[in-house]
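>>> Here's a sequence, model it:
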Amino acid sequence: MRPARTPIGLHLSQAARVVSRAFDDALGQAGGSVPVWLVLLNLQARPQASQRELAEAIGVREATLTHHLNAMDAQGLLIRRRDQANRRVHVVELTDAGEAAFLRLRDTAVSFDHQLREGFTDTDLDRLGGLLDRLAHNVSAAQDGPPWAGLAETTPPPHPRRRPTRTSDPRTAGRMS
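Below you'll find the model as predicted:
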């Protein structure tokens, strides 16, 4: 009789939980969190994204995203404004402070990724990626890629963008300078 094996889903879930906690701890030491990192990363890839686009890219509900955006707005990391073409749409943009937070958290994420890759060869990593994709495919409906394919595309923005800044004058608070 074969020894019992831990079910793949349980093993994967346990490993993911340990890695996720460690990543969140690393981002926390750099002044962020996984949700903050995902918002900053996606705004870097999609400047001036609508809240709906941002929620879809990150894979959360708009109400959940609003909670995080409120906190990030209060910290001065981003601003939200009404789209001039459609006043019902809120456009989200990074501020200079948000750009600095992105760079700080990016360095932390890169360092964490190096730690995760420790002891793996390129062949190991290619095989691991393929196995993870296969697991995702085995439990998902027909898709054009893994469920996370929409997250943080790495295509740079087509045009340089001006970063909004905050002003301390209450009459002009929230306006771009």
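>>> what sits up against the helix or strand containing residue 39?
Assessed by DSSP states H and E, residue 39 sits inside helix 34-45. Contact with helix 34-45 is made by 20, 23-24, 27, 32, 49, 54, 57-58, 60, 65, 68-69, 72, 77-78, 92-94, 98, 101-102, 105-106, 109, 151-155, 157, as judged by C-beta atoms under 8 Å, 6 or more residues apart in numbering. C-beta: built from backbone N, CA, C; applies to glycine.
>>> Can you say which of those residues are buried?
23, 27, 32, 49, 54, 57-58, 60, 65, 68-69, 72, 77-78, 92-94, 98, 101-102, 105, 109, 152 (16 or more other C-beta atoms under 10 Å).
>>> Helices - which of these land there?
Within those, residues falling in helices by DSSP state H are 23, 27, 54, 57-58, 65, 68-69, 72, 98, 101-102, 105, 109.
>>> what's the residue nearest to residue 98 when sequence neighbours are not counted sitting at in phi/psi?
Counting by C-beta to C-beta, 6 or more residues apart in numbering, residue 77 is the residue found nearest to residue 98 once chain neighbours are left out, at 3.8 Å. Here is the backbone geometry of residue 77 (degrees, to the nearest 10): phi -80, psi -20.
>>> So which bits of stretch 77-88 are buried?
Using 16+ other C-beta under 10 Å as the test for burial, stretch 77-88 gives 77-80.
>>> just how off-centre is that stretch within its chain?
Distance of stretch 77-88 from its chain centroid, counting by C-alpha atoms, centre = their mean, to the nearest Å, is 20 Å.
>>> Okay, now that stretch: how far is its last residue from its first?
One end of stretch 77-88 to the other measures 22 Å (C-alpha to C-alpha, to the nearest Å).
>>> how far away is the spatially closest residue to residue 61 that is not a sequence neighbour from residue 113?
Excluding the flanking residues, the one nearest residue 61 by C-beta to C-beta, 6+ apart is residue 55, at 6.4 Å. Shown here: residue 55 relative to residue 113, a distance of 25 Å by C-beta to C-beta, to the nearest Å.
>>> Comparing these two, which residue is more hemmed in?
For residue 55 versus residue 113, the count of surrounding residues by other C-beta atoms under 10 Å is larger for residue 55: 21 against 10.
>>> So for the chain, the centremost residue is which one?
Centroid-nearest residue in the chain, with C-alpha atoms, centre = their mean: residue 38, separated by 1.5 Å.
>>> got a list of what residue 86 touches?
With contact set as C-beta under 8 Å, 6+ apart, residue 86 has no partners.
>>> Help me confirm that it is found in a helix?
No. Assigned with DSSP: H, G, I helix; E, B strand; the rest coil, residue 86 falls outside any helix and is coil.
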